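Novice: the amino acid sequence is not available; the structure is as follows:
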């Protein structure tokens, strides 16, 4: 089967031609605005201008004629509306003219599948980093699920905006990378991670405020070290949560060598493997659209012309995957945590857990020490404070800069046992989780990593652990992020019990009203893709 793919979600228009075992052609052209960021209409005009030329070039490179094509695929979303409509129109014309099937595909999944195809990764956690997209994606229960993503802007957009403020032309990311190589001083910046989600707007504002006070080279260096450490941390957390040992890096920012180095160090520390596609397959390209289209067409999925409307906010996890993704899961006995190691021992004849936050090789020393110390102290303080509000968590026996000795809880994490429970038993537990969430929030706290992996089921009770990302005197946003994170990870990890989320939110609504739940929907609505 030979499939033609047309990409055009943002600044790049691309055409790829693939077979089931080979990329025959991959041709693209990037729109470069004379100043400022991408203008959607001007980018679409660029695509209209260059698409006929690169179509012709792609067929020449592939050594085939249009009549040899068995199917057409196009980027249906997510992306900029005018750009998406341009390539969708071109794909429809090609499909009708050649009398071959057409399929619109998800741009984010296309990055993942071309990565699997070209690197040999089987079942990875993918860190997808580009201008408009920052997501941690992996396969679970028949779909590619989003386990973490930006709460505001994409990392590539953040870097480009900072570059513009510095007077650096588009695309700013690669030029900032060169500036960062000349950096000598680390400037502390906000480090905004919430579970497997992250936010970049605060870092951008703080970095802009340093302009004129600090060298541009030092600002670029500090921004990279901070932001890429955040991305590496959430990827490691997803590996731990999913018990996988493959990482796939994708998107335009994936070409940054410092980001690759950080992920490689983290992978080596965890005995995992990092896969990075070649540069032409990291950036937006037609081959990835063609290959994902081939997979769908091969498995009997195509569209009528009337079904090919573009979807600007096309959720990654809205796509049912009809092909098999081979399981590649490490069966941990004592799994290394995302940021701490656990040992069980005796403390004055009591059974205790010693939690140690070791140094992370991917973070520079000043940032690493700051984060480890802050989170260790915060975790102990939060566990102590929440007990006064009836939230069960381990008793603290001893504390140092980077380690805590705490009560050993007899039980198993909810993540490990929930899927095997009968529905009625699971429903009772989920209602208890909702009551616990309401108790935390009504006391003015947020957990910051509210997932079933941080809940221990002990004698029918819920014990909440890992309070290192918790906050006190919180906003509606902080509490809503707890709930949104719980819903996202629950759907992915416990799909068999997905309907129980209705019970969770119903009980939470009874106890806390609707204001926080409205904020959850607001967060979902502003998830950034373009």
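Specialist: Good, I have the coordinates. In this text the structure is predicted, and so the values were computed from the model without any measurement.
Novice: neighbours of residue 424, how many?
Specialist: As a burial measure, residue 424 scores 7 neighbours (other CB atoms under 10 Å). (Glycine included, C-beta is placed from N, CA and C.)
Novice: can you offset everything so residue one is 33?
Specialist: Got it, first residue is 33 now, which makes that one residue 456.
Novice: distance of it relative to residue 532?
Specialist: Going from residue 456 to residue 532 by CB to CB, to the nearest Å gives 10 Å.
Novice: one more: residue 282?
Specialist: Using CB to CB, one gets 33 Å for the distance from residue 282 to residue 532.
Novice: all strands of the stretch 133-282 of the chain, in order?
Specialist: With DSSP state E, counting those that start in this stretch as the definition, the stretch 133-282 of the chain shows strands at residue ranges 134-138, 157-161, 166-172, 175-181, 225-226, 229-230, 278-282.
Novice: of those strands, which approaches residue 472 most closely?
Specialist: With CB to CB as the criterion, residue 472 lies closest to strand 225-226 of the strands of the stretch 133-282 of the chain, at 14.4 Å.
Novice: returning to what we had before: would you turn the strands of the stretch 133-282 of the chain into CSV with mean neighbour count?
Specialist: CSV is the format used below for the strands of the stretch 133-282 of the chain (neighbours: other CB atoms under 10 Å):
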stretch, mean neighbour count
strand 134-138, 25
strand 157-161, 28
strand 166-172, 26
strand 175-181, 23
strand 225-226, 21
strand 229-230, 24
strand 278-282, 27
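Novice: which one of the ones you listed lies nearest to residue 327?
Specialist: Between residue 327 and the strands of the stretch 133-282 of the chain, the tightest spacing by CB to CB is seen for strand 134-138, at 8.7 Å.
Novice: mind giving me the packing neighbours of that closest one?
Specialist: Using 3 or more CB pairs under 8 Å, 6 or more residues apart in numbering; DSSP states H and E as the contact criterion, the neighbours of strand 134-138 among helices and strands are strand 103-109, helix 113-130, helix 318-330.
Novice: got a list of what the nearest residue to residue 129 once chain neighbours are set aside touches?
Specialist: The spatial neighbour of residue 129 that comes closest, neighbours along the chain excluded (CB to CB, 6 or more residues apart in numbering), is residue 98 at 7.8 Å. Residue 98 sits next to 36, 91, 126, 129-130 when contact means CB atoms under 8 Å, 6 or more residues apart in numbering.
Novice: could you rerun that using 10 Å?
Specialist: The contact partners of residue 98, by CB atoms under 10 Å, 6 or more residues apart in numbering, come to 36, 87-88, 91, 104, 126, 129-130, 132.
Novice: before we move on, what about residue 471?
Specialist: Contacts for residue 471 were tallied using CB under 10 Å, 6+ apart; they are 418, 421-424, 477, 496, 543-544.
Novice: which two of those lie the greatest distance from each other?
Specialist: With distance counted by CB to CB, no two of the contacts of residue 471 lie farther apart than 424 and 544, which are 19.0 Å apart.
Novice: can you redo the helices and strands packed on strand 134-138 as CSV with distance to residue 259 and mean pLDDT?
Specialist: Rendered in CSV, the data for the helices and strands packed on strand 134-138 read as follows (distance: least, CB to CB, whole Å; pLDDT from 0 to 100):
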stretch, distance to residue 259, mean pLDDT
strand 103-109, 26, 97
helix 113-130, 26, 96
helix 318-330, 24, 97
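Novice: including mean neighbour count and distance to residue 203, could these go into TSV?
Specialist: Shown next, in TSV, are the helices and strands packed on strand 134-138 (neighbours: other CB atoms under 10 Å; distance: least, CB to CB, whole Å):
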stretch	mean neighbour count	distance to residue 203
strand 103-109	28	19
helix 113-130	20	16
helix 318-330	27	19
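Novice: related to what we said a few turns ago, now the contacts of residue 98 in CSV, with distance to residue 225?
Specialist: Conversion of these to CSV gives the following (distance: CB to CB, whole Å):
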residue, distance to residue 225
36, 41
87, 43
88, 46
91, 46
104, 41
126, 44
129, 49
130, 48
132, 46
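Novice: returning to what we had before: in strands, which of the contacts of residue 471 fall?
Specialist: 477, 496 (DSSP state E).
Novice: just the ones of the contacts of residue 471 in helices?
Specialist: Per DSSP state H, helices hold the following members of these: 418, 543-544.
Novice: what is the nearest of those to residue 405?
Specialist: Lowest distance from residue 405 to those (CB to CB) belongs to residue 418, with 20.7 Å.
Novice: tell me if I'm right that that closest one and residue 473 touch.
Specialist: No - the pair residue 418 and residue 473 fails to qualify as a contact (CB atoms under 10 Å) at a distance of 11.3 Å.
Novice: which residues do those two both contact?
Specialist: With CB under 10 Å, 6+ apart, residue 418 and residue 473 have common neighbours residue 479.
Novice: and residue 394, which of the helices and strands packed on strand 134-138 is closest to it?
Specialist: Shortest separation from residue 394 across these is recorded for helix 318-330, at 27.2 Å, computed as CB to CB.
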